[in-house]
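[1] Pasted the sequence and its predicted model underneath.
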Amino acid sequence: MLDHVAQHDPLEACGLLVGKNNWVEEVIFVRNQAQSPERFVMNPYEQLKALDRIESSGLDLIGIFHSHPTGPEIASAPDIAEAAYEAVYLIWSLNEENWKLRGFWIENRRADEVSILIREE
Ligand SMILES: [Zn+2]
């Protein structure tokens, strides 16, 4: 994920996190249709294809990630307004040269931070 978001800097990058029991097993990268440094819109074809694959594999959609190469670290107002899935919204933000990852649960137009555990492989 980090390589992917760094490669797309200065544009926002996005994708889906898939797995079971809140553990991510797979990351699916989706093209940012908006091609913007301040917005992301998942390419609808790739998004549908990914959701189909998730459904047929018996895994769950756990998270949706995107990057904020120009900040902020938290979910933006459009992120909150457009959140449509019951999943953790992960945001990679860039501060000087360091990417930071924070996760949010967005419901009823508010975003609450959730903790993320990264397992060493
Ligand atoms: Zn955002």
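    That came through, no problem.
[2] I figured Ile54 hits Val18, correct?
    Yes - contact between Ile54 and Val18 holds when scored by C-beta atoms under 8 Å: they sit 5.3 Å apart. To be clear about C-beta, it is placed using only N, CA and C from the backbone, and glycine gets the same treatment.
[3] Could you tell me which residues touch both of these two?
    Common neighbours of Ile54 and Val18, using C-beta atoms under 8 Å, 6 or more residues apart in numbering, are Ile28, Asp60, Leu61.
[4] Bridged to the last one, which residues?
    Using DSSP bridges, the bridge partners assigned to Leu61 are Val18.
[5] How about the protein: which residue is closest to the ion?
    Relative to the ion, the nearest point of the chain is Asp79 (4.0 Å; C-beta to the ion).
[6] Wait, a strand at that residue?
    No - under DSSP: H, G, I helix; E, B strand; the rest coil, Asp79 sits outside any strand and is assigned helix.
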